[in-house]
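> 3D, please:
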Amino acid sequence: MPPRVEPDADIDLRTLSAEQRELLTVQAAKAYYDLDQTMGDIAKRLGLTRWQVGRLLKEAREQGIVRIEIIPRAQRRPDLESRLQRAYDLRDAVVVPHSGDPDARFSDARFSDGSILDSVAQAAGQLIAALHPRPSLIGVSWGRTMAAVAHWLPRPWNDGVEVVLLNGAMTLHSTAIRTNNIAELFALAGGGRATLLPVPAIVGRPETREVLERDPVIASVLALADAAEVICFGLGGVTADSVLVQSGYIDEADIARLRRSGAVGDVLGRFIGADGAIIDPALDARTIGLDLALARGKPVSIGVAVGREKHAVVLAGLRARLINVLVTDEQTALVALEAAHG
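Purely as a prediction, here's the structure:
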């Protein structure tokens with residue numbers, strides 16, 4: 001409790017301990033932002049001056065006790081969304097317009113304010129938070145796109161939700177942006193619990209995968225992933241900056257070989273061709289995570305993708321019905337529509 005003083009007294013903030021000052025800051029911030037009290041009312045109740053209340057509120061923002069986000073009304077292309085739903089028999093679609101150079105090259109590494117990835121990730125976060133009925137269990141993948149989605153999830157988006165990781169995420173190499181803790185971030189934003197899959201995405205031998213998947217702990221996580229009626233994942237391109245390359249699971253020679261074999265990208269770490277079929281059975285036999293056949297049967301399967309590098313894998317995911325909810329940018333949507341009518 002703050003020191004008891006007469007209402008017109010002036011507490012010297014400099015005499016307070018760090019703990020006392022933080023407590024006073026939280027009280028002021030809660031009264032101002034949650035209870036809609038005026039700075040004058042707060043000053044009178046806490047025995048402060050209006051200037052001191054203003055100083056505490058400023059500190060609350062600077063120290064992260066209070067976080068203010070300016071989120072404008074989402075811009076969308078409902079005309080393209082409806083056309084996508086009809087063309088691919090989708091449950092839902094969200095298309096974010098791109099107002100910049102139509103020939104600009106996208107990159108999943110763009111986390112700067114106003115980037116198209118931020119806009120699409122924000123739209124995905126809002127869609128997930130608005131799901132009805134609210135899922136008690138949701139499965140998620142990992143990667144840069146999903147890291148952006150987790151960042152933009154409204155807090156709290158689903159109180160008490162259980163989040164399970166759909167594919168192995170232990171990495172061999174560190175990366176500039178941490179991309180393998182997505183289940184934890186989803187659960188934290190929802191005030192829930194994360195169940196992780198504590199194994200590599202790809203192991204060295206098929207026998208290793210078989211042994212790991214028979215382990216009771218790993219088997220229980222995979223069973224939970226199977227049980228999730230709602231899943232959300234990013235789609236990966238066949239590029240040298242793929243998170244699977246950056247994390248050390250495969251190298252650029254593997255990427256070149258996969259391209260020659262007809263791979264257009266990966267879904268849940270599994271490389272697929274233009275028809276959505278597994279392109280490299282030997283590599284797939286070493287991959288740990290949700291089977292794509294199970295993904296195809298989910299009531300809600302949300303795919304999130306941005307940019308030219310993802311056009312082909314988005315098309316494959318749509319054609320193979322691995323996705324029944326698509327969140328993407330305008331150009332990707334136009335490519336998908338052109339392919340559907342071509």
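
> only C-alpha atoms from now on, for both contacts and neighbour counts.
Fine.

> what about the most centrally placed residue in the chain, is that helix, strand or coil?
With the centre of the chain defined as its mean C-alpha position, the nearest residue by Cα atoms, centre = their mean is V149, 2.7 Å away. Counting by DSSP: H, G, I helix; E, B strand; the rest coil, the backbone at V149 sits in helix.

> for it, which residues are in contact?
By Cα atoms under 8 Å, 6 or more residues apart in numbering, the contact set of V149 is 121-122, 124-125.

> cutoff 6 Å now
By Cα atoms under 6 Å, 6 or more residues apart in numbering, the contact list for V149 reads 121, 125.

> for the protein, which strand is longest?
Secondary structure of the chain per DSSP state E: the longest strand is strand 230-236.

> how close does the residue nearest to the centre of the chain get to V306?
Noted for V149: a distance of 12 Å to V306, by Cα to Cα, to the nearest Å.

> before we move on, what about R50?
According to Cα to Cα, R50 and V306 sit 48 Å apart.

> tell me which of these two has more neighbours.
V306 (29 against 16; other Cα atoms under 10 Å).

> assumed the more buried one was part of a helix.
No - if the criterion is three-state DSSP, then V306 is coil and not within a helix.

> count the neighbours of A305 for me.
27.

> please read the previous query as pertaining to V217.
12.

> my read is that E162 contacts G139, right?
No - taking contacts as Cα atoms under 6 Å, E162 lies outside contact range of G139: 8.6 Å.

> those two: which is more packed in?
G139 (26 against 23).

> quick check, that one in contact with I231.
Yes - using Cα under 6 Å, G139 is in contact with I231, at 4.4 Å.

> which residues of the protein fall in strands?
In the chain, the strands defined using DSSP E lie at 92-96, 137-140, 162-165, 193-195, 230-236, 265-267, 270-272, 300-304, 325-329.

> contacts for the longest one, please.
Contact partners of strand 230-236, identified using Cα under 6 Å, 6+ apart, comprise 138-141, 145-146, 265-267, 300-305.

> flag every buried residue along stretch 77-88.
By neighbour count on 16 or more other Cα atoms under 10 Å, the buried set for stretch 77-88 is 77, 80-85, 88.

> please report how far R76 lies from R83.
From R76 to R83 the distance is 13 Å (Cα to Cα).

> right, I mislabeled it, should have said S119
Distance from S119 to R83, by Cα to Cα: 21 Å.

> then V199?
40 Å.

> please apply the same query to G236.
On the measure of Cα to Cα, G236 and R83 end up 24 Å apart.

> can you check S301 too?
With Cα to Cα as the criterion, S301 and R83 are 19 Å apart.

> give me the below-cutoff pLDDT ranges for the stretch 151-300 of the chain.
Low-confidence segments of the stretch 151-300 of the chain (pLDDT under 70): 170-179.

> A18: neighbour count?
A18 sits with 11 neighbouring residues when counted by other Cα under 10 Å.

> all helices for the stretch 101-250 of the chain, in order.
Per DSSP state H, counting those that start in this stretch, the stretch 101-250 of the chain carries helices over the ranges 116-129, 144-152, 182-190, 206-214, 216-227, 243-246.

> closest one to D12 among those helices?
For D12, the closest of the helices of the stretch 101-250 of the chain is helix 182-190, at 36.7 Å, according to Cα to Cα.

> which other helices and strands contact that closest one?
Helix 182-190 sits against strand 162-165, strand 193-195, with contacts defined as 3 or more Cα pairs under 6 Å, 6 or more residues apart in numbering; DSSP states H and E.

> partner strands of the shortest one and their direction?
Paired strands of strand 193-195, with direction, are strand 162-165 (parallel) (DSSP bridges).

> would you mark the buried spots in the strand it pairs with?
Buried, per 16+ other Cα under 10 Å, within strand 162-165: 162-165.

> contacts for that strand, please.
Applying Cα under 6 Å, 6+ apart, the contact partners of strand 162-165 are 137-141, 183, 187, 192-197.
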